[in-house]
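A.B. asks: Please work out how this folds:
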Amino acid sequence: MDLTFFFSLKKLYYICKFKIRNKLKLYIDKYLQWILLFSLALIWGSSFFLMKRTLVFFSDIELAALRISFAGVVLIPFAYSRLKNLSRKQWLWLAFVGIIGNTIPSFLFAKAQTVIDSSLAGILNSTTPLFTLIVGLLVYKMKANWINFIGIIIGLFGAVMIMLAKNGGNIDFNLQYSAYVILATIFYAFNLNVVKNNLKETDPLTITVISYSIVFVPVFIYLFAGTNFTNSIQQAGAVNALIYPAILGILGSAIAILIFNHLVKMVGVLFAASVTYLIPVVASVIGFIDGEIFKPIYLLWIGLILIGVFLVNKKSK
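C.D. replies: Here you go, the predicted model:
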């Protein structure tokens, strides 16, 4: 065989392999953000159901402390190797994320769920992108174009309408407990902007691991010393019910926050925050599986939500 022909074939093989690999990488990078976003929506969309089941046996404070504790147990083994090379400034911002971004909102949402239903909580939670934009504009001088503003309004409108349709247009509004959710979303807004701007040199895994490790010990001690957990766990069925906060902590907090932080780094705060528009969609699907009626009007609002999310991620040319 002619060696020139052989080497030409070999060169052609490597050229094709390189082009295919690059195209595959570009394809994955292009759609990875959407895969992550819908994965988060699936995880967090089921969290209201899990909180509801947990509150049958445990108080709202115990629920929040259990969620943080389970997340911390999973993440703290990875903390030691990531303590190196962290500056004092990074430590302060990671503590901020752990307290303001993870811990306090968990307690606020758990408290709110004792009075308001998941539909209202879902609607109020959908204000996160709006507050994220406001904080970004006022504090971080974030740049956003008009199409992003329109996307936020459309997505919020769709989320509100689907939850209203889910409840037959009736939402029992409680000002005090609704304020807990609004306050949580404001904390989320600050957290998103801090992760994007103040921790831009810190990788998502380090942010997740260290922020939870900082709050794990005090929250775990508080669970046993400051709540009625030792008595609550003695109820019939309470031990088996720990599966719900365990899923919330491990999947809904540890893994989901890791994905979330990665998404913030990848595409920005507005697109990441728009996951709250998709949570009511997932909640409606879960409700259908659980025996609720799926109304045709849902399809219209789901379509609006998807359009809103797309516009939030739209970059100006």
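
A.B. asks: Val56 against Ala241, yeah?
C.D. replies: Yes - between Val56 and Ala241 there is a contact under CB atoms under 8 Å: 6.8 Å. Placement of C-beta: from N, CA and C, glycine included.

A.B. asks: More neighbours: which of those two?
C.D. replies: Ala241 (19 against 11; other CB atoms under 10 Å).

A.B. asks: which residues does that one contact?
C.D. replies: Residues near Ala241 by CB atoms under 8 Å, 6 or more residues apart in numbering: Arg53, Thr54, Val56, Phe57, Phe58.

A.B. asks: try it again with 6 Å
C.D. replies: Ala241 is in contact with Phe57, counting by CB atoms under 6 Å, 6 or more residues apart in numbering.

A.B. asks: List the residues that contact Lys111.
C.D. replies: Residues in contact with Lys111 (CB under 6 Å, 6+ apart) are Asp60, Tyr180.

A.B. asks: Using the three-state scheme, assign Ala110.
C.D. replies: helix (DSSP: H, G, I helix; E, B strand; the rest coil).

A.B. asks: Then Lys295?
C.D. replies: Lys295 falls in the coil class when you classify it by three-state DSSP.

A.B. asks: any idea how far it is from Leu278?
C.D. replies: From Lys295 over to Leu278 the distance is 18 Å, taken as CB to CB, to the nearest Å.

A.B. asks: Check Phe78 too.
C.D. replies: Phe78 is 29 Å from Leu278, by CB to CB.

A.B. asks: Which one of these two is surrounded by more residues?
C.D. replies: Higher neighbour count among Phe78 and Leu278: Leu278, with 25 against 15, using other CB under 10 Å.

A.B. asks: Okay, and that one sits in which element?
C.D. replies: Per DSSP states H and E: Leu278 is located in helix 275-289.

A.B. asks: So which bits of that helix are buried?
C.D. replies: The neighbour-count check on helix 275-289 (16 or more other CB atoms under 10 Å) flags 275-287 as buried.

A.B. asks: what's the answer for stretch 90-110, then?
C.D. replies: Buried, per 16+ other CB under 10 Å, within stretch 90-110: 90, 93-94, 96-110.

A.B. asks: For stretch 152-165, what is the distance to the chain centroid?
C.D. replies: 18 Å (CA atoms, centre = their mean, to the nearest Å).
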